[in-house]
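Enquirer: Provide a 3D model corresponding to the input given below.
(one chain, ligands or ions: 2)
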Amino acid sequence: MDDALFGPPTVPVAPGAVHLPGWLTPDTQADLVRRCREWASGPAGTRRHPMPRGGVMSVSMTSLGWQWAPYSYSRTLPDGTPVQPFPDLLGDLARRAVEAAYEAPYEGDPYDVALVNFYDADARMGMHQDRDERSPAPVVSLSLGDSCVFRFGNTETRTRPYTDVELRSGDLFVFGGPSRLAYHGVPRTRPGTADPALGLNGRLNITIRASGLRD
Ligand SMILES: O=C(O)CCC(=O)C(=O)O
Ligand SMILES: [Fe+2]
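Expert: Ligands and ions are numbered 1, 2, ... in the order given. Below you'll find the predicted structure:
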């Protein structure tokens, strides 16, 4: 296919789950990396959250709009620091992402929360559902830097059947509809695969959601 003429391909992974490789231009990727650094160095900073059953997450997270920690949202961090605002830029990007993925206008709830996930070479994320939102709006996921294996499963179990998708810098993955509550995770990243021009050592993932929550 001629990408210049038709745009990047859309790869269906499951009903309602779509992978759009290379959806972000290199300039937008660089801009988002810069902004992620700013958000991560903000007053609410980045956290490796403790897990309810012990241990600490290996992924460092920054929340925007609503603070997420296993397994709920709040407007403040445990020490009372207010969560940073949700940037309009990410709301616009999320709407455009869903419209590109489903080739239809977006008419769902407003996007109001983003998690910025940083993976160093050893970080991974176990199979889980994104189920702390009250809105059925699709989850939008953007990848920057190192590639990873993104495991996209089913709504019933943490185990097979699942599909392993290679997510590279600039890729968009959207999951909604019948796949909204599918289990998914990141069993590994591929350290050193980021384009050196991006200036990022590791992987960033921005996941954008509609919380459906009100103060
Ligand atoms: O890093 C990813 O690609 C997935 C992140 C994720 O599933 C989450 O933040 O809930
Ligand atoms: Fe998730």
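
Enquirer: which residues of the protein fall in helices?
Expert: Ranges of helices within the chain are 3-6, 26-40, 88-102, based on DSSP state H.

Enquirer: quick one: pLDDT of the closest residue to ligand 1 within the chain?
Expert: In the chain, the residue that lies nearest ligand 1 is residue 205 (3.3 Å; C-beta to the nearest ligand atom). The C-beta positions use only the backbone N, C-alpha and C, and glycine is treated the same way. If you check residue 205, the pLDDT there is 98.

Enquirer: same thing with residue 79?
Expert: 88.

Enquirer: Dihedrals phi and psi, it?
Expert: With angles defined as degrees, to the nearest 10, residue 79 sits at phi -90, psi 10.

Enquirer: Sketch out the low-pLDDT regions of this structure for me.
Expert: Flagging of the chain using pLDDT under 70 yields the residue ranges 1-3, 7.

Enquirer: Could you pull out the strands in it for me?
Expert: 11-14, 17-20, 60-64, 67-69, 72-74, 113-119, 125-128, 139-145, 147-152, 163-167, 172-175, 184-190, 203-209 (DSSP state E).

Enquirer: Just put the ones you listed in CSV and tack on mean neighbour count and distance to residue 196.
Expert: Conversion of the strands of the chain to CSV gives the following (neighbours: other C-beta atoms under 10 Å; distance: least, C-beta to C-beta, whole Å):
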stretch, mean neighbour count, distance to residue 196
strand 11-14, 15, 27
strand 17-20, 22, 24
strand 60-64, 22, 22
strand 67-69, 22, 31
strand 72-74, 14, 36
strand 113-119, 23, 18
strand 125-128, 16, 25
strand 139-145, 26, 11
strand 147-152, 21, 14
strand 163-167, 17, 19
strand 172-175, 26, 23
strand 184-190, 19, 15
strand 203-209, 24, 14
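
Enquirer: Redo those as a markdown table? Include distance to residue 88.
Expert: Formatted as a markdown table, the strands of the chain follow (distance: least, C-beta to C-beta, whole Å):
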| stretch | distance to residue 88 |
| --- | --- |
| strand 11-14 | 29 |
| strand 17-20 | 22 |
| strand 60-64 | 11 |
| strand 67-69 | 19 |
| strand 72-74 | 19 |
| strand 113-119 | 11 |
| strand 125-128 | 27 |
| strand 139-145 | 15 |
| strand 147-152 | 27 |
| strand 163-167 | 25 |
| strand 172-175 | 19 |
| strand 184-190 | 27 |
| strand 203-209 | 12 |
